[in-house]
Structure formats: structure tokens, C-alpha cells
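**Q** curious how this folds, go ahead:
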Amino acid sequence: MVERESDTDLTAILKAAADPTRRAILTLLAQHGPTRITDLAKRFDMSLNSVSKHIKTLESAGLVSRKTEWREHLIELTPDRLDRIDAWFKDLRSIWDLRLEALEHLMTKENPDD
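**A** This next block holds a predicted model:
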């Protein structure tokens, strides 16, 4: 299957959010706002380096941004990127709504031969 250029952005977002640890990081950032990487790492049973790799993946997809203040690295959720996922689901829902309406129309016909 050939991926359209407009889909590459969505694919990157979905791949980044596919990992449970990265979803947990996104949830923590949504709940607590900008957070230091070291504070995020304390919440997981893995090394700081491993958490940092997850954050880099999220950064590459544009789901989080990094702000450096002296030696502190603050990670912040970029919620507008999640709108791309929401738009995709809305498109899927509209397709299914049309199909269900067509099915309902067929099922409610009085004369099936019409």
C-alpha cells in the first residue's frame, strides 16, 4: 500500500503513541503540565536513558516539546498534534455513518424490489 504524503504525519504520531510507556508519559504531561525528564523517569521502572529515548520518539512525532533552562530539561505536551488523530477518527466515523444510513435505508424499504 502506498502511503500518501498527508498520512505520513498521522503514521508518525500513531507509531509514537503505540507504546504503553510513551502513552503513560503523554498522560502524565497532560495531567501535570511541563515536567523535568528526571521527574518523569522516577515514575517508571527503567533508566533515565530509556525514558529519554521514549521522549525523543515523542519529540520526533511532535507530541512533546523540550524547553531547556540551564541544566533542566522540561518536557511539555503538544496537544494540538493530537488533533490529527481526532480528525482521522472523525473521518472514519463519517464513513461508517454513511454506510449505516445506507443500510438503514435498505432495511426500511417497504418493497425490496424498488
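**Q** just give me the neighbour total for the nearest residue to L58 once chain neighbours are set aside.
**A** Setting aside the residues directly before and after it, L58 is nearest to V64 in space (C-beta to C-beta, 6 or more residues apart in numbering), at 4.4 Å. Yep, even glycine has a C-beta here, placed from its N, CA and C like the rest. V64: 24 surrounding residues under other C-beta atoms under 10 Å.
**Q** who's in contact with V64?
**A** Going by C-beta atoms under 8 Å, 6 or more residues apart in numbering, V64 touches I25, L26, L29, I55, L58, I75, E76, L77, T78.
**Q** which ones among these lie within helices?
**A** In this view, those that belong to helices under DSSP state H are I25, L26, L29, I55, L58.
**Q** got those residues as JSON lines, with distance to F89 columns?
**A** As requested, those are exported to JSON lines (distance: C-beta to C-beta, whole Å):
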{"residue": "I25", "distance to F89": "21"}
{"residue": "L26", "distance to F89": "17"}
{"residue": "L29", "distance to F89": "21"}
{"residue": "I55", "distance to F89": "25"}
{"residue": "L58", "distance to F89": "20"}
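**Q** from those residues, pick the one nearest T8.
**A** L58 (16.7 Å; C-beta to C-beta).
**Q** surely the closest one and R22 touch.
**A** Yes: between L58 and R22 a contact is recorded at 5.7 Å, counting by C-beta atoms under 8 Å.
**Q** surely V51 and R36 touch.
**A** No: counting by C-beta under 8 Å, R36 is not a contact partner of V51; they are 11.0 Å apart.
**Q** between those two, which one's more packed in?
**A** Per other C-beta under 10 Å, whichever of V51 and R36 has more neighbours is V51, with 21 against 14.
**Q** and that one, which of the three is it?
**A** Secondary structure, DSSP: H, G, I helix; E, B strand; the rest coil: V51 is helix.
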